[in-house]
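[1] This is the structure alone, sequence omitted:
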């Protein structure tokens with residue numbers, strides 16, 4: 001038996017262990033990467049919600065500036081504030097303000113929910129990557145075990161349906 005033949009099982013075992021470890025490391029890395037993406041997406045969802053609050057504050061600022069200008073214009077033209085057309089304009093503007101605030105809130109909630117859904121899928125992809133690496137590790141162990149069994153004296157089955165053909169050169173192995 002040559003030195004290489006004697007060392008072959010150790011080489012197979014060593015490379016299989018290294019492959020097993022690398023597959024585990026890759027799976028963990030991919031899972032961490034997807035989890036990091038999920039955290040970023042969750043942060044974006046929070047930012048969208050905070051931006052909605054800012055947008056509402058900006059809208060209110062513009063709204064109060066506009067209502068002030070309307071009140072001033074009406075007062076300059078001699079219209080009595082709080083009655084008739086002036087009251088209708090004020091009521092209409094207040095109604096429009098509420099609609100715009102609700103629209104800003106709704107749009108931000110939809111966008112934030114979409115980001116959170118993306119984050120959820122990123123976490124799922126991370127778990128799938130980790131499980132895929134674990135399956136690859138199992139395959140590596142199984143493959144190494146099969147190779148080591150074959151090297152350890154176990155030979156492929158040479159018995160076909162018509163009996164042993166290992167020493168018979170006229171027949172092939174049809175098993």
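    Cool, the structure landed. As the structure is a prediction and not an experimental result, all values here were calculated from the model.

[2] Point out where the protein drops to low pLDDT.
    Counting by pLDDT under 70, the chain contains low-confidence ranges at 1, 4, 152-175.

[3] can you pull out the helices in it?
    3-76, 84-151 (DSSP state H).

[4] residue with max distance from the center of the chain?
    Outermost residue of the chain with respect to the C-alpha centroid, by CA atoms, centre = their mean, is residue 78; its distance is 62.4 Å.

[5] So it versus residue 144, what's the distance?
    96 Å (CB to CB, to the nearest Å). All C-beta spots, glycine's among them, are computed from the backbone N, C-alpha and C.

[6] Next: residue 16.
    For residue 16 relative to residue 144 (CB to CB), the value is 3 Å.

[7] how long is stretch 73-81 from one end to the other?
    10 Å (CA to CA, to the nearest Å).

[8] In stretch 124-131, which residues are buried?
    By neighbour count on 16 or more other CB atoms under 10 Å, the buried set for stretch 124-131 is 125, 126, 129, 130.

[9] As TSV, the residues you listed with distance to residue 49 would be great.
    Formatted as TSV, those follow (distance: CB to CB, whole Å):
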residue	distance to residue 49
125	24
126	24
129	29
130	30
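
[10] and which of the residues you listed is nearest residue 138?
    residue 130 (13.1 Å; CB to CB).

[11] these two touch, right, that closest one and residue 25?
    No. Using CB atoms under 8 Å, residue 130 makes no contact with residue 25, being 11.2 Å away.

[12] okay, which residue is most central for this structure?
    The chain has residue 122 as the residue nearest its centroid, 0.8 Å off, counting by CA atoms, centre = their mean.
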